[in-house]
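J.: here is the input, now give the coordinates:
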Amino acid sequence: MKKERCLVHCAAGVSRSATIVLVYSMKYHHNTLKDAFHYLLEKRPQIGPNEGFLLQLIRYEKELIRTLEIVLLSAAENLSLSDSKNPIETFKEFSLLSAVGVSDTGDCVVGAPLKTPSAKVGAPLDSVGVVGAPLKTSSAKVGG
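T.: The predicted structure follows:
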């Protein structure tokens, strides 16, 4: 593979292009989804893969871990690799660990730390995203 630069873009540069860059980082740089997400967020704060893309990224990360293309780091070990686990629960875990949420319109909201450090899976996120819109916890439901 040549070590050259490549421009990846989509209409807004928020969801589709970010997802492609995350997949590339996970596959070719052997990053966990969490590490790749935080790195990309640092470089482009307006990223926000939609909920469907995030669920697919979580599944892809599990596949890479199974094939040992991602080395587990202590932070990534918090995510369960159980096949019996519901992907929505895994998404909730990722949301809690990464301060990622889904707004009532289905948009990804990222960036702010959780209000309580002892938040549990399934607990509502109380944060304000990088995009500036507060996450409405009363009506935000992941997966339905």
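J.: ok, for residue 9, nearest residue in space, not its chain neighbours?
T.: Counting by C-beta to C-beta, 6 or more residues apart in numbering, residue 9 lies nearest to residue 17, which is 5.3 Å off, once chain neighbours are set aside. Where C-beta positions appear, they are placed from N, C-alpha and C, glycine not excepted.
J.: surely the one you found and residue 6 touch.
T.: No: judged on C-beta atoms under 8 Å, residue 17 makes no contact with residue 6 at a distance of 11.1 Å.
J.: neighbour count for the two, which is higher?
T.: Between residue 17 and residue 6, residue 17 has the larger neighbour count (other C-beta atoms under 10 Å), namely 19 against 7.
J.: what sits against that one?
T.: Applying C-beta atoms under 8 Å, 6 or more residues apart in numbering, we find residue 17 in contact with 8-10.
J.: in the helix or strand where it lies, what counts as buried?
T.: Assigned by DSSP states H and E, residue 17 belongs to helix 16-28. Using 16 or more other C-beta atoms under 10 Å as the test for burial, helix 16-28 gives 16-19, 21-23, 25-26.
J.: distance of residue 55 relative to residue 21?
T.: With distances taken as C-beta to C-beta, to the nearest Å, residue 55 is found 17 Å from residue 21.
J.: now residue 14
T.: 12 Å.
J.: likewise residue 61?
T.: Separation of residue 61 from residue 21 (C-beta to C-beta): 14 Å.
J.: kindly report the same for residue 9.
T.: Distance from residue 9 to residue 21, by C-beta to C-beta: 10 Å.
J.: and what of residue 38?
T.: 13 Å.
J.: quick one: mean pLDDT for stretch 35-52?
T.: On average, the pLDDT along stretch 35-52 is 94.
J.: end-to-end on it?
T.: End-to-end distance for stretch 35-52: 19 Å, by C-alpha to C-alpha, to the nearest Å.
J.: quick check, residue 13 in contact with residue 43.
T.: No: the pair residue 13 and residue 43 does not pass the contact test of C-beta under 8 Å, sitting 11.5 Å apart.
J.: of the two, which one has the most company?
T.: Set residue 13 next to residue 43 and count neighbours by other C-beta under 10 Å: residue 13 wins out with 13 against 9.
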